[in-house]
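>>> can you look at this prediction? I've put the sequence above it.
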Amino acid sequence: MTLSLFAEAKQAGPYADPFLTCWALWPRKEGKAYAQECYVKACRKAYPHVIETAVRSYLQRNTVTDPKFIPHFSTWLNKKRWLDEEAYTPEIKAEAVSDRRKSRLESNAKMMNKGLRLTTLGPTEARECLAEGLITIETARRYGA
């Protein structure tokens, strides 16, 4: 039996929404509605999983217990603090690089499978996609790999 999208979302629980996941992590719970607006704007500039990863890393590194020294979540988002280098621990930074590489390879493979001939798609990209199992040998040969 397949569930409707509404039923699936309801079954997923209260933290299926990426904003609610980040909000649940953030220690200072003030200005939720404005924080949600800021989160939507921030997601136009970064993927939700990148923001969530930065939130987790920021909270690991900054263990301030006094709430007056913790910025509002909206402030953290408006200042684009997910871009701060010190916000990322080495493990989380490696994971983010891995996610970007995987996304790039999947995008390249999609274009190669459609048969697009772009100057950015060459033998090196074809070999990488082939090594990840994203394209066939025939497709890789078309791109000179």
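Great, that's in hand. Numbering: from 1, shown residues only.
>>> quick one, phi/psi of the residue nearest the centre of the chain?
Nearest to the geometric centre of the chain sits His49, at 3.0 Å (Cα atoms, centre = their mean). With angles defined as degrees, to the nearest 10, His49 sits at phi -70, psi -30.
>>> how many neighbouring residues does the closest residue in space to it that isn't next to it in sequence have?
In space, and not counting its chain neighbours, His49 is closest to Asp99: 7.0 Å by Cβ to Cβ, 6 or more residues apart in numbering. Any C-beta I mention is one placed from the backbone N, CA and C, and that applies to glycine too. Using other Cβ atoms under 10 Å, Asp99 has 14 neighbouring residues.
>>> can I see the domain layout of this protein?
Following automatic domain parsing, one gets these domains for the chain: 14-88, 100-145.
>>> can I get the ones you listed in CSV with mean pLDDT?
Below are the domains of the chain laid out as CSV (pLDDT from 0 to 100):
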stretch, mean pLDDT
domain 14-88, 85
domain 100-145, 80
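>>> helices along this structure, start to end?
5-12, 18-25, 32-42, 48-61, 73-78, 90-114, 123-131, 137-142 (DSSP state H).
>>> next one: the residue nearest to the centre of the chain relative to Leu130, how far apart?
In this view, His49 and Leu130 are 26 Å apart by Cβ to Cβ, to the nearest Å.
>>> go on, Ile70?
For Ile70, the distance to Leu130 - Cβ to Cβ - is 47 Å.
>>> so what's Ala46 closest to, chain neighbours aside?
The nearest residue in space to Ala46 (Cβ to Cβ, 6+ apart) is Trp82, at 5.9 Å.
>>> can you give me the neighbour number for that neighbour?
Residues near Trp82, counting by other Cβ under 10 Å, number 22.
>>> Leu130 now?
With other Cβ under 10 Å as criterion, Leu130 counts 19.
>>> tell me the contacts of it?
Leu130 is in contact with Thr136, Ile137, Thr139, Ala140, Ala145, counting by Cβ atoms under 8 Å, 6 or more residues apart in numbering.
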